[in-house]
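Trainee: no sequence for this one, just the structure:
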DNA sequence: TAGATTGTTAATCGATTAACAATC
DNA sequence: TAGATTGTTAATCGATTAACAATC
């Protein structure tokens, strides 16, 4: 099974498994069923996801928690340190810089950029804000491979182009715009409006059904 | 075709189609091919997604832009106003309150809660911060149906329980935790760590392949 | 009419679920 | 050994893509 093409959603679930496992000490055993219950999926799903990468369990027993954590860390490559750069030191950008979910040893934001002259030179979370013109040079110098984009939509594309020139290979984009990038670059979009609209759709549909059935 | 079960991913794409359409004036015609190119999908995908809801196009021509916008707005139920509440007035919460992607006519955040006595009574974006004990009452009073969760993980579940008691039916969760909710409640998780880890996995895999093939 | 594009059906692809031999 | 759970194969389910008659 290892070597097969791995679905992206499997990777996302590995991340969720790891988060759940972190609540346990390394000692002890957890079954696929046990892990599944913690994250809201099925035992078969857990075993299938892990099987893409190897055999980590003990038949009849389950998974050694410490070992499984370490294996998933290695698969996700969070057993090393990544250097990140963030562009767009607005409200969202500075909030992310301080956000515990983002402040992790494995993901070190080492540079912050903005195009507002009033912000340049100031510090956020101990990092001096640099002008966007320096993106390419600084990213090349520090070998930054992951970029975070929290600019307004209208400048996002030009920033992305600079990031890619600077050698970035993965981008986490919060700007509500479709970015054009070479196919070798990995792009993840976080679209908050989309999430709200999905909720809106779902609730409206549900309300309609309730009305149709005459319930409250 | 209308009446079929609609995949969630179709709803997400409708949201993206709408975002692209907003850049155009209502006059004029756009083909499925044209729209597909704007958002990075295929013409067949666009037509299939729309076909779940009706026939909005003109064979041989394409889609009337103004009409299509209005149809999608209606499908997503963003042609009405939703009242939202946000819990967790920390860095991320207050950033979201001010973030243009969130500040939309259709989604009015009308209440903000926190459990920090120092914050209660203060205003963020014109809204007075209330204590978490009041969540249930205030949500019931203002008939809030959508809740946004930006608390630390450890209090998220108890806050969600209060929201649901207050009549919320949809939740946008930023706390990195698996929430247990009744199945009738719609939950959308935004997991920033997961996104970063997916990038990490992808870049590490790519680096390994490059090394194996002896490329830079 | 000729050209273009829709809406829909059928074929393909890929992910999830179920089942079970292998293993501790 | 008996009981339990893994890893993997096969069956099922669901979404995407391709193809084309219907329509402007």
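Mentor: Thanks, I have the structure now. Values in this document were obtained by computation on a predicted structure and should not be read as measured data.

Trainee: tell me the domain ranges of chain A?
Mentor: By the record's domain assignment, chain A is partitioned as A:8-76, A:82-194 (automatic domain parsing).

Trainee: Among the ones you listed, which comes closest to DNA strand D?
Mentor: Proximity to DNA strand D (CB to the nearest atom of the strand) singles out domain A:8-76 among these, at 2.8 Å. (Glycine included, C-beta is placed from N, CA and C.)

Trainee: centre of the chain versus the closest one, how much separation?
Mentor: Distance of domain A:8-76 from the chain centroid (CA atoms, centre = their mean, to the nearest Å) equals 19 Å.

Trainee: what ranges do the helices span in chain A?
Mentor: In chain A, helices defined by DSSP state H lie at A:8-21, A:32-39, A:43-51, A:65-76, A:91-98, A:135-141, A:153-165, A:192-212, listed in chain order.

Trainee: hang on, isn't residue A:57 packed against residue A:67?
Mentor: No - Residue A:57 is not in contact with residue A:67 according to CB atoms under 8 Å; the separation is 9.3 Å.

Trainee: Looking at these two, which is more packed in?
Mentor: Under the neighbour definition other CB atoms under 10 Å in any protein chain shown, residue A:57 and residue A:67 were set side by side, and residue A:57 has more, 20 against 14.

Trainee: give me the beta-bridge partners of that one?
Mentor: In this structure, residue A:57 has the following beta-bridge partners (DSSP bridges): residue A:63.

Trainee: Let me see the contact set for it.
Mentor: Residues in contact with residue A:57, defined by CB atoms under 8 Å, 6 or more residues apart in numbering or on different chains, are A:32, A:47, A:50, A:63.

Trainee: Point out the most buried one among the domains of chain A.
Mentor: For the domains of chain A, ranked by mean neighbour count under the definition mean count of other CB atoms under 10 Å in any protein chain shown, the leader is domain A:82-194 at a mean of 18.

Trainee: wait, residue A:125 sits on residue A:98?
Mentor: Yes - Residue A:125 is in contact with residue A:98 according to CB under 8 Å; the separation is 5.7 Å.

Trainee: any idea which of the contacts of residue A:57 is closest to residue B:208?
Mentor: Distance to residue B:208, by CB to CB, is smallest for residue A:50 among those, at 19.1 Å.

Trainee: And the contacts of the worst-scoring helix or strand of chain A on mean pLDDT?
Mentor: Considering only helices and strands, the least confidently modelled element of chain A by mean pLDDT, DSSP states H and E is helix A:192-212, at a mean of 91. Among residues not part of helix A:192-212, those counted as contacts by CB under 8 Å, 6+ apart are A:174, A:176, A:216, B:8, B:11-12, B:14-16, B:18-19, B:75-78, B:80, B:82, B:96, B:99, B:101-102, B:104, B:106-107, B:145-146, B:169-172, B:184, B:186, B:188, B:190.

Trainee: Same question for stretch A:18-34.
Mentor: Outside of stretch A:18-34, the residues that reach it under the criterion CB under 8 Å, 6+ apart are A:35, A:38-39, A:43-44, A:46-47, A:50, A:57-58, A:61-66, A:68-69, A:72-73, A:76, A:78, B:176, B:178, B:193-194, B:197.

Trainee: Quickly check: that stretch near DNA strand D or not.
Mentor: Yes - where contact is defined by CB under 7 Å from any atom of the strand, part of stretch A:18-34 touches DNA strand D, namely A:31-33.

Trainee: Show me what the lengthiest strand in chain A is packed against.
Mentor: Ordering each strand of chain A by length in residues (DSSP state E) puts strand A:107-114 first. The helices and strands touching strand A:107-114, judged by 3 or more CB pairs under 8 Å, 6 or more residues apart in numbering or on different chains; DSSP states H and E, are strand A:82-87, helix A:91-98, strand A:127-131, helix A:135-141.

Trainee: can you tell me the average pLDDT over the second one?
Mentor: In this model, helix A:91-98 carries a mean pLDDT of 94.

Trainee: Tell me who's in contact with the residue nearest to residue A:114 when sequence neighbours are not counted.
Mentor: In space, not counting the residues next to it along the chain, residue A:114 is nearest to residue A:89; the distance is 4.1 Å by CB to CB, 6 or more residues apart in numbering or on different chains. If a contact means CB under 8 Å, 6+ apart, then residue A:89 has A:112-114, A:116, A:119, A:124, A:129, A:150 as its contacts.

Trainee: do the same with residue A:177
Mentor: Under the criterion of CB under 8 Å, 6+ apart, the neighbours of residue A:177 are A:153-154, A:156-157.

Trainee: Apply 6 Å and report the result again.
Mentor: If a contact means CB atoms under 6 Å, 6 or more residues apart in numbering or on different chains, then residue A:177 has A:153, A:156 as its contacts.

Trainee: Could you do residue A:84 as well?
Mentor: Under the criterion of CB under 6 Å, 6+ apart, the contact list for residue A:84 reads A:107, A:109, A:146.

Trainee: Kindly provide the distance from it to DNA strand C.
Mentor: Distance of residue A:84 to DNA strand C, given as CB to the nearest atom of the strand, to the nearest Å: 27 Å.

Trainee: In chain A, where is pLDDT below threshold?
Mentor: For chain A, the stretches flagged by pLDDT under 70 are A:1-3, A:213-216.

Trainee: Give me the buried positions along stretch A:191-210.
Mentor: A:191-204, A:206 (16 or more other CB atoms under 10 Å in any protein chain shown).

Trainee: Tell me if it is near DNA strand D.
Mentor: No - contact between stretch A:191-210 and DNA strand D is absent, the nearest approach being 13.6 Å (criterion: CB under 7 Å from any atom of the strand).
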